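J.: Give me the fold of what follows.
(chains A and B)
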There are 2 protein chains.
Amino acid sequence: MIPAGDLGKRIGIIGGGQLGKMMLQEAKKMGIYVTILDPVPYCPAHSLADDHIVADFHDEGGLRQLAEKSDVITYEFEHIGVEILQRLEQEGHAIYPTVKSLEIIQNKYLQKQALLNARLPVPEFQPLQEECDLWKLGDTLGYPFLLKSCTGGYDGKGNALVRGPQDLESAYRSLGAGKMPLMAEAFVAFDKEISVLACRGISGEIAVYPVGENFHQDNILIETRVPAALPAAVTQKVLELAQLVMEVFEGVGMFCVEMFVTENGSILINEVAPRPHNSGHYSIEGCVTSQFEQHIRAILGLPLGDTTLIRPTVMRNLLGEEGYAGKISVAGVYEALALPGVKLHIYGKRETKPKRKMGHITVTAAAMEEAVRIIEAAAEQIKIQSGEEDVQ
Amino acid sequence: MIPAGDLGKRIGIIGGGQLGKMMLQEAKKMGIYVTILDPVPYCPAHSLADDHIVADFHDEGGLRQLAEKSDVITYEFEHIGVEILQRLEQEGHAIYPTVKSLEIIQNKYLQKQALLNARLPVPEFQPLQEECDLWKLGDTLGYPFLLKSCTGGYDGKGNALVRGPQDLESAYRSLGAGKMPLMAEAFVAFDKEISVLACRGISGEIAVYPVGENFHQDNILIETRVPAALPAAVTQKVLELAQLVMEVFEGVGMFCVEMFVTENGSILINEVAPRPHNSGHYSIEGCVTSQFEQHIRAILGLPLGDTTLIRPTVMRNLLGEEGYAGKISVAGVYEALALPGVKLHIYGKRETKPKRKMGHITVTAAAMEEAVRIIEAAAEQIKIQSGEEDVQ
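T.: Prediction:
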């Protein structure tokens, strides 16, 4: 049902995974009509969408159909071919974040260069032009450094640590041996990994969220705590930086700025994502306006919402357990939900496999220590397994 | 997608209106499979449900199909014929709240009698056996009193105020002239109308929410403020009463207990609803666990959640504007969402008409005065109209 008036703009989302699903939950709250495009018939967003185009993300016919059924298009991940989107934008379809900002951000080298051009603090980096330049990287960046694929990486995929010259060859081969453009980046011995959600409206207004502290395991985000435990002066500086980053990319919609804080309190921008982000899921229960509602507001040209954190909040990812693959089975729900204030999100992915992001839990409490204590107890209980088979 | 394990129970909801939709929003958050039964193809819950049986609420074939596709059945309104549900329950289908509690509660006379039997405070009432008894009611209850249809009423429908003997005939005729069973009830000159949400789990545990204060216009709920402005001793007594009511009906799931508070601080129970309630919508943003999540937890046998009110909260209904009927058009969204902390819910009903409940707004704030100020400003802006026609 497409309402008339202020809520009459139809949204099209490229991708029906958990981010698309959570965007949909907010859009449907306001009665907005949403079509998704995803090749998986029963993807997480499927049952919530008004319409679902089952097509590949690179299928021009499918994307054109989505454009025809939508007044504004958005996406839940940045690794999309920009050519078709560029054509659609030129033909007059609204796409947010804009294709221009997507194009820069999806290439880690161009992204870092844009940040550097704006005189924002980033780790030292350089492109790799030719294989023979590999050996010079250690001289300029020092060891260890990171070799990175410029496009397509996520959750640590597309990165290789080079501890010394002996790692160069294998790192290079593991990243496609030159088939994809590569870059190198100085390794930052950081004290904390933090992230800041920020949103820019069509009219240029910017709303910045509080600072979250992230904890990773095997390069996968495990937990986010908000507010981050940082000195007030560092927090202030981080929030200012996030605001400046939003001005660099002139993006429309939610962005996430990941940063490193070193022991001496200096701040370096690690990566920018042009979309709602895993480290921002806390905002659903923690903030007045969640990152998903904010994104919907931004791309529809509605005023941005209040980003106030209501109570200290912890979010923890639920990854597929080691040793299980196949149809999802969730255990420990009774025990976890018996703890006060545990909010359970299960994305609705049919198949689990080790380390796959299958859901998350959030706890808000009067004090951070209490929230952490509860979420740790909950995370010990709840297990994402498979009922059918065991890959061990 | 039906997950295995603790979240593997499929839910069936009779009714796909706004209450069904908001139950679904919580169920889908946890990845639970939900089928709805509603005669309207594009009802508010339609796009969120995994499956939708388009059938009348009294269609035994449709209800049987719902039972076969669900492990537990619930409903979003209490005016359902109980005979088919009784048969389904006898055949082993789980229905919550139980058909027994539904049967008592859906009949206002039986409901009041059950409360009276438990020695709980209710306004004086009596059944109307024969038309000729009409004239005696004023002698026992005094004027004014209320003539009420025992079943089927909502939003003031099914009630008639009898100010004196001259109103008896017209009140009697307006309620079907004896075609439906009627009762009479003393008119309570109350100071405040309040309501308390409460939930009972399958194992008998009870969770009670804070007290909300309700404001009506033309017998339709307009606004709920939580916490209610009541002396601490009265609040305490109200919460105890709500707990006792839950024990009377032995219901499973969310209930709403509406009460009157008189000027001298005495409390009378007005009505009990065996479901999430309009006056409980504030809990979506206001409480750790919303009434809809709580209902889903209860009927699945999961532990009940924390009912703590996080911040003072006001909820205001968005009714169809006078003078407009036809396809919904929402105006003033830009202006309303520019105010801090305004959360907009539009149910997704295709057609508006004067006074129809089309959505609601909620505001949480650090202080009640601030929340009230913001919601009043928002309510002045946002208008539910129709784009197509004007009934004036």
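J.: going forward, measure contacts between C-alpha atoms and count neighbours the same way
T.: Will do.
J.: can you give me the helices in the stretch 1-150 of chain A?
T.: Secondary structure of the stretch 1-150 of chain A, counting by DSSP state H, counting those that start in this stretch: helices at A:18-29, A:60-68, A:82-90, A:99-105, A:108-117, A:134-141.
J.: got it, and the stretch 151-300 of chain A?
T.: A:168-174, A:232-249, A:283-286, A:291-299.
J.: quick check, distance from the longest one to the centre of its chain.
T.: Read it as helix A:232-249. 18 Å (CA atoms, centre = their mean, to the nearest Å).
J.: Show me which parts of it are buried, residue by residue.
T.: A:235, A:238-239, A:241-246, A:248-249 (16 or more other CA atoms under 10 Å in any protein chain shown).
J.: again with the shortest one
T.: In terms of neighbour count (16+ other CA under 10 Å), helix A:283-286 has its buried residues at A:283-286.
J.: Of these, just say which sits nearest to chain B.
T.: Nearest to chain B among the buried residues of helix A:283-286: A:Glu285, at 8.3 Å, using CA to the nearest CA.
J.: Thought A:Thr364 was touching that closest one, still the case?
T.: Yes: the pair A:Glu285 and A:Thr364 passes the contact test of CA atoms under 8 Å, sitting 7.2 Å apart.
J.: Need the overlap of contacts for these two.
T.: Taking CA atoms under 8 Å, 6 or more residues apart in numbering or on different chains as the criterion, A:Glu285 and A:Thr364 both touch A:Thr313.
J.: can I see the domain layout of chain A?
T.: Following the assignment in automatic domain parsing, chain A carries domains at A:10-95, A:124-186, A:192-386.
J.: Give the rounded mean pLDDT of the first one.
T.: The predicted model assigns domain A:10-95 a mean pLDDT of 96.
J.: And for the shortest one?
T.: Domain A:124-186 carries an average pLDDT of 85.
J.: next one: that domain to chain centre, how far?
T.: Relative to its parent chain, domain A:124-186 has a centroid offset of 23 Å by CA atoms, centre = their mean.
J.: Check chain A for its longest strand and report it.
T.: Secondary structure of chain A per DSSP state E: the longest strand is strand A:206-217.
J.: Check which helices and strands that one sits against.
T.: Identification of packing neighbours for strand A:206-217 by 3 or more CA pairs under 8 Å, 6 or more residues apart in numbering or on different chains; DSSP states H and E yields strand A:192-200, strand A:220-226, helix A:232-249.
J.: Please work out how many residues are found near the residue in the stretch 251-392 of chain A that chain B sits nearest to.
T.: Across the stretch 251-392 of chain A, the shortest distance to chain B (CA to the nearest CA) belongs to A:Ser329, at 4.2 Å. Number of residues near A:Ser329 (other CA atoms under 10 Å in any protein chain shown) recorded here: 23.
J.: If I look at it, what pLDDT would I see?
T.: With respect to pLDDT, A:Ser329 scores 95.
J.: Show me what the strand or helix carrying it packs onto, helices and strands only.
T.: Using DSSP states H and E, A:Ser329 sits within strand A:326-331. Contacts defined by 3+ CA pairs under 8 Å, 6+ apart place strand A:326-331 against strand A:351-352, strand A:383-386, strand B:4-5.
J.: thinking again about what came up before, could you dump the buried residues of helix A:232-249 to a markdown table with distance to B:Tyr334 and pLDDT?
T.: Shown next, in a markdown table, are the buried residues of helix A:232-249 (distance: CA to CA, whole Å; pLDDT from 0 to 100):
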| residue | distance to B:Tyr334 | pLDDT |
| --- | --- | --- |
| A:Thr235 | 31 | 97 |
| A:Val238 | 30 | 97 |
| A:Leu239 | 27 | 97 |
| A:Leu241 | 29 | 97 |
| A:Ala242 | 26 | 97 |
| A:Gln243 | 24 | 96 |
| A:Leu244 | 26 | 96 |
| A:Val245 | 26 | 95 |
| A:Met246 | 23 | 94 |
| A:Val248 | 27 | 92 |
| A:Phe249 | 25 | 88 |
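J.: just these that are near chain B?
T.: Residues of the buried residues of helix A:232-249 in contact with chain B (CA under 8 Å from any CA of the partner chain): none.
J.: just the helices of the stretch 1-150 of chain A: most buried one?
T.: helix A:18-29 (a mean of 24; mean count of other CA atoms under 10 Å in any protein chain shown).
J.: Would that one count as contacting chain B?
T.: Yes: for helix A:18-29, a contact with chain B is found by CA under 8 Å from any CA, at A:25, A:29.
J.: So which elements touch that helix?
T.: Using 3+ CA pairs under 8 Å, 6+ apart, helix A:18-29 is in contact with strand A:34-37, helix A:291-299, strand B:342-346.
J.: what sits up against it?
T.: Here helix A:18-29 makes contact (CA under 8 Å, 6+ apart) with A:13-14, A:33-34, A:36, A:44-46, A:48-49, A:75-76, A:276-277, A:292-293, A:295-296, A:347, B:25, B:344-347.
J.: ok, the residue lying farthest from the centre of chain A to chain B distance?
T.: For chain A, the residue at maximal distance from the C-alpha centroid (CA atoms, centre = their mean) is A:Cys132, at 34.1 Å. According to CA to the nearest CA, to the nearest Å, A:Cys132 stands 51 Å off from chain B.
J.: gap between that residue and A:Phe145?
T.: Look at A:Cys132 and A:Phe145: by CA to CA, to the nearest Å, they are 17 Å apart.
J.: got it, and A:Lys21?
T.: 37 Å.
J.: cool, A:Glu285 as well?
T.: For A:Glu285, the distance to A:Phe145 equals 38 Å [CA to CA].
J.: just A:His79 next, same as before
T.: Distance, A:His79 to A:Phe145, using CA to CA: 24 Å.
J.: more crowded one of those two?
T.: More neighbours surround A:Phe145 than the other of A:His79 and A:Phe145, with 21 against 17 (other CA under 10 Å).
J.: which residues does that one contact?
T.: Applying CA under 8 Å, 6+ apart, the residues contacting A:Phe145 are A:138, A:161-163, A:184-187.
J.: Verify the stated contact: A:Gly152 with A:Phe77.
T.: No: with contact defined as CA under 8 Å, A:Gly152 does not reach A:Phe77; the gap is 10.2 Å.
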